[in-house]
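In: Need the 3D shape of this:
(one chain, ligands or ions: 1)
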Amino acid sequence: MKDSYDVIIAGGAIIGSSIAHHLAADKNFTGSVLVVEKDPTYASSSTTKSASSIRQQFSTEINIKISQFGIDLLRRAEELLSVNGEHTGIHFTERGYLLLASEATLPTLRDRVKFQQSHGVAVDVLGMDELLTRFPWLNPEGLAGAATTRQGEGWFDAHILLSAFRRKAISNSVTYTASEVTEVEQAPDGRVTGVVLSDGSRVGCGTLVNATGAYAGLFSEKVGLRIPVDPRKRTVFVVNCPTELTNCTTVIDSDGLTFRPEGRSYIIHLGPEPDNDPITFDLDIDHTDFDKRIWERLAHRVPAFEALRMVSAWAGHYDFNPFDHNALLGTMPQVPNFVFANGFSGHGVMQAPAVGRGIAELITYGSYRTLDLSPLSVSRYFENSPLQELNVY
Ligand SMILES: Cc1cc2nc3c(=O)[nH]c(=O)nc-3n(C[C@H](O)[C@H](O)[C@H](O)COP(=O)(O)OP(=O)(O)OC[C@H]3O[C@@H](n4cnc5c(N)ncnc54)[C@H](O)[C@@H]3O)c2cc1C
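Out: Next up, the predicted model:
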C-alpha cells in the first residue's frame, strides 16, 4: 500500500467495488485507487444480505433509467466483467415483477404503467382473466388486476456481481485493503486530505468516497455533513412449497408482501410497520414475525403455501433514507472532494452499475456523462427538496 492515492473508497461492497471498477476501466482516469473494506468476507454487508432483484417498475424517471442501465450491464456481465476469460456466473434470471393491485390501487397502478411505458419500459396491465391464466396458483380475492413486464427485470446473485466488480477492478490495478476508515482528515478549507485506518496508519487522498452502506450516516459525520441514512433491519424468510408455482416470479401484493423463487425454494419479505422500524445494527432474527404478520397473508394469496415448510431466514440492513427513500449522490461545496454514494433504501444492488459508472464519471470529468444522476444529488437533502419514489417496498 502507498502513502497516498488519488481516490480512496471507504466500503468495498457492491457500490464501492462498482465505483472502483468503473474508475479503473475508464481510459481517461489515470489515477490510483484504494478501496478500504473493514470486512472482506462481506458477511454482514447489505449486498450479501440482499434479495438481489432488479425492477423497472418505479414512479420516477431517474430510477427507471438507472435500472435500464443496470439491466444492460447484467445482460453483458460476461463481456464486461470477466477476467482472463473466467466466467462471472452472476446467475441472472430475467423475469418481470408481478405487481398486484386491489380495486383501490388499480387506478394508480394504471397511471404508473403509462408513465413507465412512456420511458421505454415493456410493462403491461393484466386484467383478472389473463392474471389467473398465467398465474393460476393466485387466490383472486381482493385483486382487481396487476402489472408485469415482458423483459428487463429479474434477479441475480449480488455477492457474485460484487466479486466480479472487485476482481475486475483489481485486475486494472485497484488496491483493496482489509481495514476500517476510523478518521477523516480535513484541511482548514474543508477539503479531505487523508484518512486514518484502524491500525493507526495515515493514507493521503485527493478524493474520498463514502460507500459505507448502512453506516453512511455515521460516516458522513466524520466530515460534519450528516446525511439521513440509517440501518433498518429487514428479514427474509426462505420456505419450501410442496406444490410448484408454475412461472412464479417476484410477486408484490398490494400490501407490500413480496415473494419470489430462489432455486427450489421461495424467499419471502414484508417490510415492517412504519411505527415499528427502529434504527439498529442488530441482525437477530425474530422468527415470530413470520407467524404474526406474514403467514396468514401469504397463505391467503397463494393457498399452496398453506403446506409450506420453513427452511431458514436471514436479516440484513437497508441503507435507509427516511427523507425520500432515494439515493444521495455527489458532493457538497463545504467538502468538495468527499463523494456520497449512499441511501439506496433497498435498491442498492440494482443501482450499483449505473451509480458506479456515474460516480466514476463525476470523479474523472467533474460531471455525469452516460446518465445524468443529478436528480439524486445529495444537495436536495440540505435544500429540503425531496424526490419522492412512490414504488417503495
Ligand atoms: C433484506 C434485504 C433485501 C434487499 N433486496 C434488494 C433487492 O432486491 N434489490 C436491490 O437493489 N437492493 C436490495 N437491498 C438493498 C441493497 O442490499 C443495498 O442497497 C446495497 O447492498 C448497498 O450496497 P453498499 O455497497 O452501499 O452497502 P454494503 O453492501 O452494506 O457495503 C458497505 C460496506 O462498507 C463497509 N464499511 C462500513 N464502514 C466502513 C468503514 N468505516 N471503513 C471501511 N469499510 C466500511 C462494510 O463492511 C460494508 O462491506 C436489500 C437489502 C436487504 C437488507
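In: pLDDT weak spots in the stretch 1-150 of the chain?
Out: Of all residues in the stretch 1-150 of the chain, none has pLDDT under 70.
In: so where do the strands sit in it?
Out: Using DSSP state E, counting those that start in this stretch, the strands of the stretch 1-150 of the chain run over 4-10, 33-37, 53-54, 93-94, 98-101, 123-126, 145-149.
In: Tell me which helix or strand His159 sits in.
Out: For His159, the host element (DSSP states H and E) is helix 158-171.
In: Compute the inter-axis angle for that helix and strand 33-37.
Out: Interaxial angle of helix 158-171 relative to strand 33-37 (axes from the mean of the first three to the mean of the last three C-alpha atoms, to 10 degrees): 140 degrees.
In: other SSEs contacting helix 158-171?
Out: Helix 158-171 is packed against helix 14-25, strand 33-37, helix 46-49, helix 77-81, strand 175-178, helix 348-365, with contacts defined by 3 or more C-beta pairs under 8 Å, 6 or more residues apart in numbering; DSSP states H and E. Every C-beta, even on glycine, is put in place using the N, C-alpha and C of the backbone.
In: most neighbours per residue, which of the ones you listed?
Out: Greatest average neighbour count among the helices and strands packed on helix 158-171 goes to helix 14-25 (a mean of 29), per mean count of other C-beta atoms under 10 Å.
In: Give me the contact list for that one.
Out: Residues from elsewhere that reach helix 14-25 (C-beta atoms under 8 Å, 6 or more residues apart in numbering): 7, 9-10, 12, 29, 31, 33, 35, 37, 47, 81, 158, 161-162, 165-166, 168-169, 172-174, 209, 211, 213, 341, 344, 348-349, 352-353, 355-357, 359-361, 363-364.
In: hmm, that helix touching the ligand?
Out: Yes. On the criterion C-beta under 6 Å from any ligand atom, helix 14-25 is in touch with the ligand at 14-16.
In: who in the stretch 101-250 of the chain is up against the ligand?
Out: 180-181, 211-215, 219, 234, 236.
In: Give me the pLDDT value at Tyr393.
Out: Predicted confidence (pLDDT) for Tyr393: 81.
In: Please verify my assumption that it contacts Thr258.
Out: Yes. In this structure Tyr393 lies within contact range of Thr258 using C-beta atoms under 8 Å: 5.9 Å.
In: between the two, which one's more packed in?
Out: Thr258 (19 against 16; other C-beta atoms under 10 Å).
In: what separates the spatially most central residue of the chain from Asn276, distance-wise?
Out: Compute the mean C-alpha point of the chain, and by C-alpha atoms, centre = their mean the closest residue is Gly348, 1.6 Å away. According to C-beta to C-beta, to the nearest Å, Gly348 and Asn276 sit 23 Å apart.
In: ok so, going back, out of the residues of the stretch 101-250 of the chain next to the ligand, grab the one that's most surrounded.
Out: Neighbour max across these (other C-beta under 10 Å) = Ala211, 31 neighbours.
In: In this model Val33 seems to touch that residue, though I could be wrong.
Out: No. Ala211 is beyond contact range of Val33, at 11.9 Å (criterion: C-beta under 8 Å).
In: shared neighbours, these two?
Out: Ile9.
In: which residues touch the residue lying closest to Gly142 once chain neighbours are set aside?
Out: Take Gly142 and drop its neighbours on the chain: the residue closest to it by C-beta to C-beta, 6 or more residues apart in numbering is Ser102, 5.6 Å away. Each residue near Ser102 by C-beta under 8 Å, 6+ apart is listed here: 142-144, 254.
In: Same check on Leu390?
Out: 59-60, 112.
In: tell me the phi and psi of it?
Out: phi -90, psi -20 (degrees, to the nearest 10).
In: gap between the residue in the chain sticking out farthest from the centre and Ile8?
Out: Distance from the C-alpha centroid of the chain peaks at Pro188, with 35.1 Å (C-alpha atoms, centre = their mean). Computed as C-beta to C-beta, the Pro188 to Ile8 distance reads 20 Å.
In: Then Glu383?
Out: In terms of C-beta to C-beta, Glu383 sits 28 Å off from Ile8.
In: Can you say which helix or strand has Pro231 in it?
Out: Counting by DSSP H and E, Pro231 is found in strand 230-240.
In: helices and strands around that strand, which ones?
Out: Judged by 3+ C-beta pairs under 8 Å, 6+ apart, strand 230-240 is in contact with strand 265-269, strand 309-320.
In: closest to the ligand out of those strands?
Out: strand 309-320 (2.9 Å; C-beta to the nearest ligand atom).
In: if we look at the closest one, which residues are touching it?
Out: Contacts for strand 309-320 (C-beta under 8 Å, 6+ apart): 44, 46, 48-50, 213-214, 216, 229-242, 265, 281, 283-285, 287, 290, 342-346, 348.
In: partners of that strand in the sheet?
Out: strand 230-240 (antiparallel) (DSSP bridges).
In: Name the residues of the partner strand that are buried.
Out: Within strand 230-240, the residues that count as buried by 16 or more other C-beta atoms under 10 Å are 230-237, 239.
In: what about it, distance to the chain center?
Out: Relative to the centre of its chain, strand 230-240 is centred 14 Å away, using C-alpha atoms, centre = their mean, to the nearest Å.
In: Show me what the helix or strand just after it packs onto, helices and strands only.
Out: Reading on from strand 230-240 to the C-terminus, the next helix or strand found by DSSP H and E is strand 251-252. Packing partners of strand 251-252 (3+ C-beta pairs under 8 Å, 6+ apart): strand 98-101, strand 258-262.
In: Quick check: mean pLDDT of strand 251-252?
Out: Average pLDDT, strand 251-252: 98.
In: Give me the contact status of that strand with the ligand.
Out: No. On the criterion C-beta under 6 Å from any ligand atom, strand 251-252 is out of touch with the ligand, staying 11.0 Å away.
In: that older thread, show me which of Glu383 and Ile8 is the more surrounded one.
Out: Between Glu383 and Ile8, counted using other C-beta under 10 Å, Ile8 has the larger neighbour count: 26 against 9.
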